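K.L.:
With the sequence up front, the predicted model follows.
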Amino acid sequence: MTELPLIGEAVAVATQPRLAGAKIGVVTFPGTLDDRDAARAVRLAGATPVALWHADTTLGDVDAVIIPGGFSYGDYLRAGAISRFAPLMGKVIDAANSDAKLPVLGICNGFQILTESHLLPGSMIKNDHLKFMCRDQVLRVENNTTAWTGDYAAGQEITVPLKNQDGQYIADEKTLDALEAEGRVVFRYVGFNPNGSRRDIAGISNAAGNVVGLMPHPEHAVEAGFGPQSGLSGSVGVGSSDTDGLGFFTSVLNKIVGENK
């Protein structure tokens, strides 16, 4: 992946020498849009992004995987339905379910792919208003014990961009009740439900907490001056909501480093 210059005041805000050895894989499918943004977020957090192509047959030696947003395979059939059968996804599924429990983050289209892959329960359908939605969205951190949320406080409200047209999370009542009872609702929409998701759910995890999916885009809120409007919520990092998304990436790195001590 071509190295891009970092911009904004958040350059090296979270960079720590002890994190430099961590490698985070960023998957690209035909139609992926946000892989370079995810790679930039990984660099800002202090790790090394590793480009992974959907047709690859190995994950290499990555410590975690991010499945970014976009419109993989043009969202034909259903969003994420074809991507689920990509060669690399078989490796992601096996690694996430293995004893090693590889951390996996699915953002927007990545969340859709995780549900289609049955790494997460439920499904994503068209927004209830049947329109594409793009806005800065306040989220509440409901679970800060996952691999991707450890640097947040439970109940903390953060602001990150949201952009989707198939963002309505649905599941049967039994599944929803189980997610609530097991603490697997990781993020909830605050103030406004932008897509009709059941119980205002914005993101969930698997039972082990290593796999997390959410519709909003934390990778677009990692640099001061280039994220959501400052002052909308509390934040991680620089001290404005511009960088509220950075905690996702530092969380998984701190978990990796902690396990490797």
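P.N.:
Yes, it's here. Numbering: from 1, shown residues only.
K.L.:
low-scoring stretches of the stretch 151-261 of the chain, by residue?
P.N.:
229-240, 257, 259-261 (pLDDT under 70).
K.L.:
typo on my end, the stretch 1-150 of the chain
P.N.:
In the stretch 1-150 of the chain (pLDDT under 70), the answer is 1-20.
K.L.:
which stretches of it form strands?
P.N.:
Per DSSP state E, counting those that start in this stretch, the stretch 1-150 of the chain carries strands over the ranges 23-28, 48-53, 64-67, 104-107, 123-125, 133-141.
K.L.:
in the last one, what's buried?
P.N.:
If I follow you right, that is strand 133-141. 136-141 (16 or more other C-beta atoms under 10 Å). To be clear about C-beta, it is placed using only N, CA and C from the backbone, and glycine gets the same treatment.
K.L.:
what pairs with the helix or strand that that strand is followed by, and is each one parallel or antiparallel?
P.N.:
Counting by DSSP states H and E, the next helix or strand C-terminal to strand 133-141 is strand 157-164. Applying DSSP bridges, strand 157-164 is found paired with strand 133-141 (antiparallel).
K.L.:
Could you check how many residues crowd around the residue lying closest to Thr28 once chain neighbours are set aside?
P.N.:
Using C-beta to C-beta, 6 or more residues apart in numbering and skipping the chain neighbours, the partner closest in space to Thr28 is Asp35 (4.7 Å). When neighbours are counted by other C-beta atoms under 10 Å, Asp35 registers 23.
K.L.:
Which of the strands of the stretch 1-150 of the chain sits closest to Leu214?
P.N.:
Within the strands of the stretch 1-150 of the chain, the stretch nearest Leu214 is strand 104-107; the backing value is 6.5 Å (C-beta to C-beta).
K.L.:
Find the residue at the geometric middle of this protein.
P.N.:
Nearest residue to the geometric centre of the chain (C-alpha atoms, centre = their mean): Ile107, 3.8 Å.
K.L.:
Would you work out how far apart the start and end of stretch 81-101 are?
P.N.:
Terminal residues of stretch 81-101 lie 23 Å apart, using C-alpha to C-alpha, to the nearest Å.
K.L.:
Helices of this protein, residue ranges please.
P.N.:
Ranges of helices in the chain, per DSSP state H, are 35-45, 87-97, 109-116, 173-181, 246-259.
K.L.:
Mean neighbour count, those: which tops it?
P.N.:
helix 109-116 (a mean of 28; mean count of other C-beta atoms under 10 Å).
K.L.:
what angle do that one and helix 87-97 make?
P.N.:
70 degrees (axes from the mean of the first three to the mean of the last three C-alpha atoms, to 10 degrees).
K.L.:
Who are the packing partners of helix 109-116?
P.N.:
strand 64-67, strand 104-107, strand 123-125, strand 211-214 (3 or more C-beta pairs under 8 Å, 6 or more residues apart in numbering; DSSP states H and E).
K.L.:
Tell me the buried residues in the first one?
P.N.:
Judged by neighbour count (16+ other C-beta under 10 Å), strand 64-67 contains these buried residues: 64-67.
K.L.:
Let me see the contact set for Asp94.
P.N.:
By C-beta atoms under 8 Å, 6 or more residues apart in numbering, the contact set of Asp94 is empty.
K.L.:
I'd like the distance between it and Pro87.
P.N.:
12 Å (C-beta to C-beta, to the nearest Å).
K.L.:
re earlier: which one of the helices of the chain lies nearest to Leu52?
P.N.:
helix 87-97 (6.1 Å).
K.L.:
what separates the closest one from the chain centre, distance-wise?
P.N.:
Chain-centre distance of helix 87-97: 17 Å, with C-alpha atoms, centre = their mean, to the nearest Å.
K.L.:
wait, Glu116 sits on Ser83?
P.N.:
Yes - the pair Glu116 / Ser83 is scored as a contact, 7.1 Å apart, by C-beta atoms under 8 Å.
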